[in-house]
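Student: Requesting a structural model of the entry that follows:
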Amino acid sequence: MQKKHVGFLWAAFAVGLATATPFYRRNATCRETKIAILGAGTAGITAAQALVNNSITDFLIVEYNSDIGGRVAHTTFGAPNQSYTIELGANWVQGLVTKGGPENPIWTLAQLYNLTNTYSNYSSIQTFDETGAVDFTDLIEEFEDGPFTSIEQDAGNILNLNLQDVSVRSGLSLVGWKPKQDMQAQAVEWWEWDFEAAYNPNATYYQFSEDNNYVFDSRGFNAFIKGAASTFLTASDSRLLLDTIVTNITYSDHGVTVYNQDGSCINADYAICTFSLGVLQNDAVTFSPDLPRWKQNGIETFDMGTYTKIFLQFPPDQIFWNQSYQFFLYADPIERGYYPVFQSLDAEGFLPGSGIIFVTVTQDQSYAVEAQDDDTTKEQVMAVLRKMYPNTTIPDPIAFMYPRWSLEPWAYGSYSNWPTGTSLEMHQNLRANVGRLYFAGEATSAEYYGFLQGAWFEGRAAGELIAGYLKNLTGGERGEVHYEVLHGTTPVSEYGAANGWEVSSFQTIGIE
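Tutor: Residues are numbered from 1 along each chain as shown. Modelled structure (predicted):
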């Protein structure tokens, strides 16, 4: 069995700059630059690199945190003298390279900067319920070989024939997958969908391979972002403004002024906003003038998922789980998605001798655990583990921690998701510029939203577009497509570069 990699198909011109205030006036006290890049994550650093590749070096990168990387964030975890680097956010290179096809740029960078990683073998899984170890892996095979394959085909038909979108829940029911109160089947469904999407996803998107590689480098996964940045930023580069919190973005057809919490400000000819969808949805930054209605609709229509990894470290000489497995799936008797998937890092090819295991929760469970204190969460996780291993003495963990992504004011969530029934045109409104303010990030990627490669491609696209304007290579400043009037579905003819969809939705490149 190989776990299928979830992206999304069921997505299903008004050209020119958005109307902005005609009375924009640059603040004479602000620092001047050609391009202000807001955020130093994958999209922001890639946008800057695209500018440098076009011989444009007059830019400023503004970052909320004290380090670059954005949601590719890590920390040191463990008891004294037993600590390891763990990833709080993005953790996998998802999709590598397929023979005869393209290579995922994140995989290219991971190899370039020699990131330590291991193939995630989703067939290496042991299953449990409240009575202990119970083998229901046959349900995983049944799901993948039956319902999953069927709804993939249905998704292609919906897109190709411009049919009305339906939810995955409806799609699964229509092909006979109705787990109802079968909690083992519910756990399998969570494993196949929620574990990657943090929501119920809408279909699958093949471009790179199905392989996922788990990154556990002592430098942190963001070493690839720092490596890319080091090719154009010096150690004390004055163009990188860390610990700088943006509070307001004033934009027009003539320029952008960025106002920061510390009282500083930046005048720029253009700006690229790479803030997360969660930040935009929570009004963490204000815009002057207010964003136009079509832009606000685009922002508010899309979903921001939360994906929480809860880390436990046990005495390395008291490991109680079978270290020959990578994953452990738990079917709670009452609640779907209740501490459902554990992953061992104390295993060959990972961090042997570390005593570390982590459990993942998403969405409603994420909100619950992130709102409660560590002790409550630890008590709940330990209760589940003691059900999974009823005849085993399980020690108390010697270290315990988890991030709270839904509460981080610079993130407000983990990554975006495309809601059922939302058209490509609506997504393009999320993606499109207003005046000289452009947007880039994983959420603005029509093809790879939710994935690091989405942020990379979108950052590059924004940087190259603005470079073209500055070098007068585009025959004029046209801006990006947006839609004042939206329709229920998007015809196949509009699935193209103008709407951020640059490869075939039906291209499998060797994947059968």
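
Student: which element is residue 93 on?
Tutor: strand 92-94 (DSSP states H and E).

Student: Now the lengthiest helix in the chain: buried residues?
Tutor: Longest among the helix segments of the chain by residue count, using DSSP state H, is helix 452-470. With burial defined by 16 or more other C-beta atoms under 10 Å, the residues of helix 452-470 counted as buried are 452-467, 469-470. Placement of C-beta: from N, CA and C, glycine included.

Student: For the helix or strand of the chain with the lowest mean pLDDT, which helices and strands make contact with it?
Tutor: Within the chain, judged by mean pLDDT, DSSP states H and E, the helix or strand with the poorest mean is helix 149-160; its value is a mean of 77. Helices and strands touching helix 149-160, by 3 or more C-beta pairs under 8 Å, 6 or more residues apart in numbering; DSSP states H and E, are helix 168-174.

Student: before we move on, the earlier item: show me what the strand holding residue 93 pairs with in its sheet, parallel or antiparallel.
Tutor: Next to strand 92-94 in the sheet, as set by DSSP bridges, lie strand 212-215 (antiparallel).

Student: So for the next helix or strand after the partner strand, mean pLDDT?
Tutor: For strand 212-215, the following helix or strand on the C-terminal side (DSSP H and E) is helix 223-229. Across helix 223-229, the average pLDDT comes to 98.

Student: quick one on the thing from earlier: could you export the longest helix of the chain as CSV, CA atoms only?
Tutor: Provided in CSV are the C-alpha atoms of helix 452-470 (Å, rounded to 0.1, in the frame of the first residue of the first chain):
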residue,chain,number,x,y,z
LEU,A,452,5.7,24.4,0.0
GLN,A,453,6.1,24.1,-3.8
GLY,A,454,3.0,26.3,-4.1
ALA,A,455,4.7,29.0,-2.1
TRP,A,456,7.9,28.6,-4.2
PHE,A,457,6.2,28.9,-7.5
GLU,A,458,4.0,31.8,-6.5
GLY,A,459,7.0,33.7,-5.0
ARG,A,460,8.9,33.2,-8.2
ALA,A,461,6.0,34.3,-10.3
ALA,A,462,5.4,37.5,-8.4
GLY,A,463,9.1,38.4,-8.4
GLU,A,464,9.4,37.8,-12.2
LEU,A,465,6.2,39.7,-13.0
ILE,A,466,7.4,42.8,-11.1
ALA,A,467,10.9,42.5,-12.6
GLY,A,468,9.3,42.5,-16.0
TYR,A,469,7.5,45.7,-15.2
LEU,A,470,10.6,47.4,-13.9
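
Student: Can you give me the buried ones in the least confident helix or strand of the chain?
Tutor: By neighbour count with 16+ other C-beta under 10 Å, helix 149-160 contains the buried residues 150, 151, 154, 155, 156, 158, 159.

Student: in the stretch 151-300 of the chain, which spans are strands?
Tutor: Residue ranges of the strands in the stretch 151-300 of the chain, as given by DSSP state E, counting those that start in this stretch, are 212-215, 240-241, 246-251, 256-260, 265-273, 286-288.

Student: Residue 444 is nearest to which of those strands?
Tutor: With C-beta to C-beta as the measure, strand 265-273 is the member of the strands of the stretch 151-300 of the chain nearest residue 444 (9.7 Å).

Student: secondary structure element for residue 128?
Tutor: strand 125-129.

Student: ok, what's across the strand from the residue nearest to residue 110 when sequence neighbours are not counted?
Tutor: Leaving out its chain neighbours, the residue that sits closest to residue 110 by C-beta to C-beta, 6 or more residues apart in numbering is residue 93, at 5.3 Å. Assessed by DSSP bridges, residue 93 has beta-bridge partners residue 213.

Student: ok, now how distant is residue 93 from residue 461?
Tutor: Relative to residue 461, residue 93 is positioned 21 Å away (C-beta to C-beta, to the nearest Å).

Student: Please apply the same query to residue 239.
Tutor: Residue 239 is 21 Å from residue 461, by C-beta to C-beta.

Student: now swap in residue 37 and tell me
Tutor: For residue 37, the distance to residue 461 equals 14 Å [C-beta to C-beta].

Student: same for the longest helix of the chain, what does it pack against?
Tutor: Looks like helix 452-470 contacts helix 42-53, strand 92-94, helix 105-112, strand 265-273, strand 437-439 (3+ C-beta pairs under 8 Å, 6+ apart).

Student: quick check, distance from that helix to the centre of its chain.
Tutor: In terms of C-alpha atoms, centre = their mean, to the nearest Å, the centre of helix 452-470 is set 17 Å apart from its chain centre.

Student: can you tell me the average pLDDT over it?
Tutor: So the average pLDDT for helix 452-470 ends up being 96.

Student: next one: stretch 480-490
Tutor: The model assigns stretch 480-490 a mean pLDDT of 85.

Student: can you pull the buried residues of that stretch?
Tutor: For stretch 480-490, by 16+ other C-beta under 10 Å, it's 480, 481, 482, 483, 486, 489, 490.

Student: Residue 432 is in contact with the third one, correct?
Tutor: Yep, that's residue 482 we're talking about. Yes. Using C-beta atoms under 8 Å, residue 482 is in contact with residue 432, at 3.8 Å.

Student: Among the buried residues of helix 149-160, which one lies nearest to residue 31?
Tutor: Using C-beta to C-beta, the buried residues of helix 149-160 come closest to residue 31 at residue 159, 46.1 Å.

Student: Report the separation between that closest one and residue 424.
Tutor: Taking C-beta to C-beta, one finds residue 159 at 9 Å from residue 424.

Student: Low-confidence stretches in the stretch 351-500 of the chain?
Tutor: Within the stretch 351-500 of the chain, the ranges that satisfy pLDDT under 70 run 474-475.

Student: could you pull out the strands for it?
Tutor: 356-362, 399-401, 415-417, 437-439.

Student: Can I get these in JSON lines including mean neighbour count and distance to residue 263?
Tutor: Converted to JSON lines, these look like this (neighbours: other C-beta atoms under 10 Å; distance: least, C-beta to C-beta, whole Å):
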{"stretch": "strand 356-362", "mean neighbour count": "24", "distance to residue 263": "39"}
{"stretch": "strand 399-401", "mean neighbour count": "18", "distance to residue 263": "34"}
{"stretch": "strand 415-417", "mean neighbour count": "27", "distance to residue 263": "32"}
{"stretch": "strand 437-439", "mean neighbour count": "27", "distance to residue 263": "21"}
